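Enquirer: I would like to see how this sequence folds:
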Amino acid sequence: MTPDDSDALPPGLPAPHGGPGSPELFSGDSISSPDSFQFVDLGATYSPDDHPFETFYLPLLSRAVTYDRAVGYWSASELQYAAQGTAHFLANGGKMRLIVGAQLAQRDVDAVIEGKPLDDVVAARLLADPDLAGTRIVQSEHLSVLAWMVATDRLEIRVGVPRGEDGELLTHLQSGRYFHTKYGIFADRYGNRVAFNGSNNSSVTAWARNHETFDAYPSWNVPIWDYLGVHKVLDFEKHWTDNADAGWAVIDLPSAVRKHLIEHAPEAPPLPPGVVLPPLDAPTSSEDDTEEFDVEAAWDELVALRDAPTESPWTGVGSAWARPLPHQAELISRVVSTYPRGYLLADEVGLGKTVEAGMVLRELFTSGRAKKALLLVPASVMKQWQEELHEKMNLDVARFDKGVFVDRYDAPIPVDPNANPWSAFPIVLASSHLARRRDRRRQILDAGPWDVVLVDEAHHARRRGSKPTDTPNSLLALLQEMRDKEMWRALYLATATPMQMNPHEAWDLISLLGLKGRWGVSAEDFIRYFKLLAIDPMHRHWDLLCAMLEDYFADPQAERDADLEQEIDDALGWTGAYVVTALAGNPPSADLKAKFPNETSEWMDKWLRRHTPMRDRVFRNTRKTMRDYQAAGIIPDDVVIPYRHVKDEFIPLQPNERRLYERIEGYIRRHYNAYMAEAGNQALGFIMTVYRRRLTSSFEAIKRSLRRRLSVLENGKNLAELLTDDDNVDVEGSLFEPEAFDTRADRLRDEIAELKSFLQDLDSITGEDSKASKLVADVTEALNTYSSVVVFTQYADTMDYVRERLLTAGYRRLGCYSGRGGEVYNVESGSWTEVTKSEIKTRFRSGELEVLIGTDSMSEGLNLQTSGRLINYDMPWNLMRVEQRIGRVDRIGASYKDIRISNYFYADTVEEQVYKGIAEDYGDFTDIVGDAAPVLANIEKAIERLALTGHATTTEIDSEVGQIRQQVEDIKSEPVGNDDMGEPGGDGRIKQPPTLEGGTSLRDLERVLTANGLTSDAFEPDPSRPRVYWLKPPAEALSALSFRKDDGVHDIEEYFDPSPLAPLPVTFDRATWDESDDADLVFLTYGTPELSALLPAASHDD
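Expert: Prediction:
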């Protein structure tokens, strides 16, 4: 496609359309419109042979509405040289933000030390010596261009100056550094963006004469933009807000320099002779704009848009805000393509099981294949699930919480009081802890069946003992009964640890999926199959192995590994390979077995291990999988997959702290043992374990717990009132039934006097808190290297205490996130202000927040990969929760290659002795969190026994640690392990992931809805925010009307009647929505009620 030439323009440059204030903004097609970046034939890399000034800079500048540049040296000559492009940039209402470098002399640094404001010193340096390299941000002959843009607020400038480790200013000679950052971002009126990064400064010489190279990242090339381009946008915003890289400070353009420039500014833009500034006035509407359109054609176009998810596979996934990573795309493709087959999602902690499950749900529901789902998740993460489904999958689901349905804002949703709550909405999100109550089971069974049932943290469904014949707990019993009564079409289970300590636990879960033949009959046959593979092939029960292999292939959807089959054929030839690949139902002959072990038996082992339900029905990805994808070139080399460095910190208690710690510990231990010795009082004993965990966190946490206990006892409340939402995760991980906490706490009233004494002593603690002092010191040190710090704790009580200690230490750029939601410190009011989750995310990512403190609620759904420093203020007894926390920063695309983690413990405690004992063999527990993760639950039990049953001796502690070490080794030798789950890894067979894009993209949605005669008037572009529209809802939803002739055409004016509903901001662009802190901004896509109101209802005969 070639644009029309214009005599006034350089060859090949189209005349741009109206500026930001005109109605023509966003009109036309963002792909084919001449003023769109997508009209430019961009390359991936540029060198002198590509003539980058003519092929890159000039065409982008002429189409741009914003231009951000961070560079060591910038000359306004580049704008003067690109005069016609600059003219169009100005006519577009273009604005530029510039960060440049300034190098200081010793006299400048001395002046600051003596008290002269830094602003004045930098101003003097910029104005005094125009020939000094690095400070000459404008050449004198082009001063008028710069001056006019500054004077008319078209150009903002900030300056980077070097600092030392202690924050002191450095001269160029001292620092040895220039502000050598060299990147930029252009944006056009359609929201298209192009980021570039390379060796070029901003001058005519750099663009047109020097040997410079740079790379370009267009936003419409989504994979490249997501991996590379968007980080340049984030980097610029970080630098612009004075959150510069270590060793630099970024300051506003000194007022003296700005004043100097404005004084020299001409009245009109100083363009060379013959270059005319295009008119800024909007073009008047032509008569064609008001001509009537074909109503029925417009209606049919919207019908086609409505039906796209059902007509074109993967439209649901492709139009979600989240973009699946390679391993997630493989899983989603397999699960959806074989629906309603059930699966177990067992990815390592932090690799996105929620996204995987949510994407499957989105595709099934938007395509119409599923219409009813029940999601059972732990109560402690219900809200996080609801938010994740909305933010990443654009699914708004109702949450059944404390007997009522609430939306994601915690507002009640009216429901027919006679309706069964478990089927009250198409998708019901409820607590698995609530579902397992005996008094809820009949209600649940009456509500089914469902198209989809999903259970998160499915390992909570297990038996009460260690044998496969032991009684199932209430959650496992519920799921077994639901399976037997066919309460679902598809069951999806999610857990990082499907097998706790016994192989039958994995079978208990996958047998719920409906396995064929002997695989689904008993755990004994399941375990025996894998045990047989571990013995000499001469002595195996081949009849059982081949029969179970035959049962596996009896499932028509069971995978047959064609790659492995080819490998066997290559190794053994056709005849030899057939003996292996035809094993199903055909045991090897006696003659063949007599030759075992040999190459044939080795290939038989691989064939038998590859074709089991543990491979076929379980997905297991690890961080090693991510590195394998990168090694295969599927994840680019410059995308950071970080390495973690963990340090355990054992913090000594001060004498007064030690005395109080031991006294509280004795109180907890005494009551724990008394309750556990009495039949029916074990729930009371469990509550004491919660107190012991809180003592490990902070004195503030235990103090607030004891205050709650006193209130409960004095007011005769139930045991459940002794716990907070932060304790739910411990309750759910226990084997206690929910009913155990329904009893009143009256029998504990004799503790009241003792509790009051404790609280008086806790209130009297004075002096420095040892752990809090350590935190302040570590935060101070961390901020010299990292842009931000993340602090995790188990309890909101501790979080509140920690944030006040940081305020006392002088930190103000603080944020918090807990079950209460987001909070930031307001310096002006001196108080904490509630903010949305998206605002916390935006402020943290932009660098506005230095320290983010949160409970384990923050370990779900908040990606914090812009930070490289994490501190665990307390350590949960269950280390899997620590792994969940670390997964917030240890993510693909992290900002730092090396992330550093500190784990805080109190010294001379049971916790210290247990963790140190295990760390002798397993370092930072990486080995345990990987292959032997189930042992982590036993570490938790060991600490509980040692801390609560008596004063543990060194011998007793060593014995417990020895048992844990042995369990780690034992579980690695179990017949069934993590290596048997999912597709086998480590064999180099990494596949290119499928592309999950339907026939209708987000761009298509935007293009059709903003141009269609029935909907275009509903969209008013926001002049201040590219890619954002103000959506004016119609007076009557289009879904309630019909404009088909054979359906009785409505009066078209009926649709354009004024609406009483207020306009709301919407966008179709992922990056725009993600980078916005506007909580009201709607990501408009399939599944949102706002889009549904604009599309015809499916009930009409279309």
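Enquirer: Check the offset of stretch 800-807 from the chain's centre.
Expert: Distance of stretch 800-807 from its chain centroid, counting by Cα atoms, centre = their mean, to the nearest Å, is 26 Å.
Enquirer: For that stretch, list every residue counted as buried.
Expert: Buried residues in stretch 800-807, counted by 16 or more other Cβ atoms under 10 Å: 800-803, 805-806. The C-beta positions use only the backbone N, C-alpha and C, and glycine is treated the same way.
Enquirer: Ser831: what's it in contact with?
Expert: By Cβ atoms under 8 Å, 6 or more residues apart in numbering, the contact list for Ser831 reads Tyr825.
Enquirer: What does the pLDDT read for it?
Expert: Per-residue pLDDT puts Ser831 at 93.
Enquirer: Kindly report the same for Lys595.
Expert: At Lys595, the model reports a pLDDT of 90.
Enquirer: tell me the SS of it?
Expert: coil (DSSP: H, G, I helix; E, B strand; the rest coil).
Enquirer: For it, the count of nearby residues, please.
Expert: Using other Cβ atoms under 10 Å, Lys595 is surrounded by 13 other residues.
Enquirer: Out of the buried residues of stretch 800-807, which is nearest to Ala594?
Expert: The shortest approach to Ala594 among the buried residues of stretch 800-807 belongs to Val802, at 69.8 Å (Cβ to Cβ).
Enquirer: from the buried residues of stretch 800-807, which ones fall inside strands?
Expert: Among those, no member falls in strands (criterion: DSSP state E).
Enquirer: Now Phe1019. Nearest residue, chain neighbours left out?
Expert: Leaving aside its sequence neighbours, Phe1019 sits nearest to Tyr1029 (Cβ to Cβ, 6 or more residues apart in numbering; 4.3 Å).
Enquirer: The stretch 751-900 of the chain: helices as residue ranges?
Expert: Here the stretch 751-900 of the chain has its helices, by DSSP state H, counting those that start in this stretch, at 752-763, 770-782, 796-808, 837-846, 879-886.
Enquirer: ditto for the stretch 901-1050 of the chain
Expert: So, for the stretch 901-1050 of the chain - with DSSP H, counting those that start in this stretch - the helices run 910-922, 926-929, 935-948, 954-972, 1002-1011.
Enquirer: of all the ones you listed, which lies closest to Ala534?
Expert: helix 954-972 (12.6 Å).
Enquirer: Would you mark the buried spots in that closest one?
Expert: Neighbour-count burial for helix 954-972 [16+ other Cβ under 10 Å]: 956-957, 960-961, 964-965, 967-968, 971.
Enquirer: which residues sit in contact with the residue nearest to Phe1019?
Expert: For Tyr1029, the contacting residues are 26, 1010, 1019-1022, 1065-1067, by Cβ under 8 Å, 6+ apart.
Enquirer: now do Ser511
Expert: Each residue near Ser511 by Cβ under 8 Å, 6+ apart is listed here: 519-520, 523, 526.
Enquirer: Counting residues, name the longest helix you see in the chain.
Expert: helix 655-676 (DSSP state H).
Enquirer: okay, the angle between that helix and helix 752-763?
Expert: For helix 655-676 against helix 752-763, the angle by axes from the mean of the first three to the mean of the last three Cα atoms, to 10 degrees is 150 degrees.
Enquirer: what's the spacing between helix 655-676 and its chain's center?
Expert: On Cα atoms, centre = their mean, the centre of helix 655-676 falls 40 Å from the chain's centre.
Enquirer: repeat for stretch 353-363
Expert: On Cα atoms, centre = their mean, the centre of stretch 353-363 falls 13 Å from that of its chain.
Enquirer: What pLDDT does the model give the residue nearest the centre of the chain?
Expert: Geometric centre of the chain, nearest residue: Asn863, 4.1 Å, by Cα atoms, centre = their mean. pLDDT for Asn863: 77.
Enquirer: Can you name the residues that contact the closest residue to it other than its chain neighbours?
Expert: Leaving out its chain neighbours, the residue that sits closest to Asn863 by Cβ to Cβ, 6+ apart is Arg891, at 6.1 Å. Listed by Cβ under 8 Å, 6+ apart, the contact set of Arg891 reads 350, 642, 863, 865.
Enquirer: And Phe905, by the same measure?
Expert: Contacts of Phe905 by Cβ under 8 Å, 6+ apart are 648-651, 696, 875, 911-912, 915.
Enquirer: can you do 6 Å?
Expert: Applying Cβ atoms under 6 Å, 6 or more residues apart in numbering, we find Phe905 in contact with 650, 911-912.
Enquirer: ok, those vs Met393, which is closest?
Expert: Lowest distance from Met393 to the contacts of Phe905 (Cβ to Cβ) belongs to Glu911, with 38.5 Å.
Enquirer: excluding its backbone neighbours, what's nearest that closest one?
Expert: Phe905 (5.4 Å).
Enquirer: mean confidence score for stretch 393-407?
Expert: What stretch 393-407 shows for mean pLDDT is 92.
Enquirer: what about it, distance to the chain center?
Expert: Relative to its chain's centre, stretch 393-407 lies at 20 Å (Cα atoms, centre = their mean).
Enquirer: How about that stretch, which residues are buried there?
Expert: 393-395, 397-401, 405-406.
Enquirer: just these now: which is nearest Val377?
Expert: Of all these, Arg399 has the smallest distance to Val377: 9.7 Å, by Cβ to Cβ.
Enquirer: all strands of the stretch 251-400 of the chain, in order?
Expert: Counting by DSSP state E, counting those that start in this stretch, the stretch 251-400 of the chain has strands at residues 343-345, 373-377, 398-401.
Enquirer: what does the domain assignment say about this protein?
Expert: Following automatic domain parsing, one finds the domains of the chain at 37-263, 320-515+617-634, 517-612, 653-763, 909-974, 998-1092.
Enquirer: As JSON lines, those domains with distance to Val776 would be great.
Expert: Output for the domains of the chain, formatted as JSON lines (distance: least, Cβ to Cβ, whole Å):
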{"stretch": "domain 37-263", "distance to Val776": "17"}
{"stretch": "domain 320-515+617-634", "distance to Val776": "28"}
{"stretch": "domain 517-612", "distance to Val776": "52"}
{"stretch": "domain 653-763", "distance to Val776": "14"}
{"stretch": "domain 909-974", "distance to Val776": "22"}
{"stretch": "domain 998-1092", "distance to Val776": "28"}
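Enquirer: what's the closest of those domains to Val851?
Expert: domain 37-263 (12.7 Å).
Enquirer: what is the mean pLDDT for that closest one?
Expert: Taken as a whole, domain 37-263 has a mean pLDDT of 71.
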